[in-house]
Structures are given as C-alpha cells and as structure tokens.
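Enquirer: structure of the sequence below:
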Amino acid sequence: MSRIATRRRPTHPGAMLRDEFMAEYNLTVSELARLIGVSRQSINELINERRSLSADMAVRLARLFEVSPESWLNLQQNIDIWEAENDPANDIMPIQKIAG
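Expert: Model prediction:
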C-alpha cells in the first residue's frame, strides 16, 4: 500500500459546497439548483457525495460564488486520485528492469 493511501480521505467538493458555501449564503438545495440552472437532484447528489463534480458544474459554481473553476476541480481531482490509490485493484507492484 502506498504512503498516500494511508492518509485520510480528502474533502469532497460536495461537502465543501454544502458546509461552506451553502451555509454561508443560507442556500437551500432548490435555491442553488435554480440559481445555476441544474436539477435539484444534481445538487442533492453532489452535496451528499454520491456524484462527482463535472467541469460544467465547476464553471457554474465558480461563476455564482466568484471563485475559480480550477479550485472546484482540484477538490474533485484529489478525491479521484485518493480513491484510485485506495482501490485494491490498483495494488500493482513496480516492474523490475532486466539487467543486461
């Protein structure tokens, strides 16, 4: 198991949206969905960490909250990498060079 695989799971972008942004602006799921033009289900799945953040959603959230889309996508990338590193299917041993 890699050194990174033992660290705690990074913050999901949905958790950040729920705990920081929606709380600060006192937004409901329905209000946020309406403001950025997506379904209530999309927001609900994202904030409950059952959906990954897409580039399109990152742009919508970035415009609404005046932050960069990259900041949202970096959160998602951290989750994606952490999950891949912690997936037993990816427990691959490095290849050894053949002397010769």
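Enquirer: going forward, measure contacts and count neighbours with C-alpha atoms only.
Expert: OK.
Enquirer: list the buried residues for the longest helix seen in the chain?
Expert: For the chain, the helix with the greatest residue count under DSSP state H is helix 69-85. Using 16 or more other Cα atoms under 10 Å as the test for burial, helix 69-85 gives 69, 72-73, 75-77, 79, 82, 85.
Enquirer: and these, which is closest to Arg8?
Expert: The nearest member of the buried residues of helix 69-85 to Arg8, counting by Cα to Cα, is Trp82 at 8.8 Å.
Enquirer: ok, which stretches of the protein are helices?
Expert: Under DSSP H, the chain gives helices at 13-16, 23-25, 29-36, 40-47, 55-65, 69-85.
Enquirer: list the helices and strands the fourth one packs on?
Expert: Judged by 3 or more Cα pairs under 8 Å, 6 or more residues apart in numbering; DSSP states H and E, helix 40-47 is in contact with helix 13-16, helix 29-36.
Enquirer: one more: the last one?
Expert: For helix 69-85, the packing partners by 3+ Cα pairs under 8 Å, 6+ apart come out as helix 13-16, helix 55-65.
Enquirer: and what of the fifth one?
Expert: Applying 3+ Cα pairs under 8 Å, 6+ apart, one finds that helix 55-65 contacts helix 29-36, helix 69-85.
Enquirer: where does the chain dip in pLDDT?
Expert: 1-6, 100 (pLDDT under 70).
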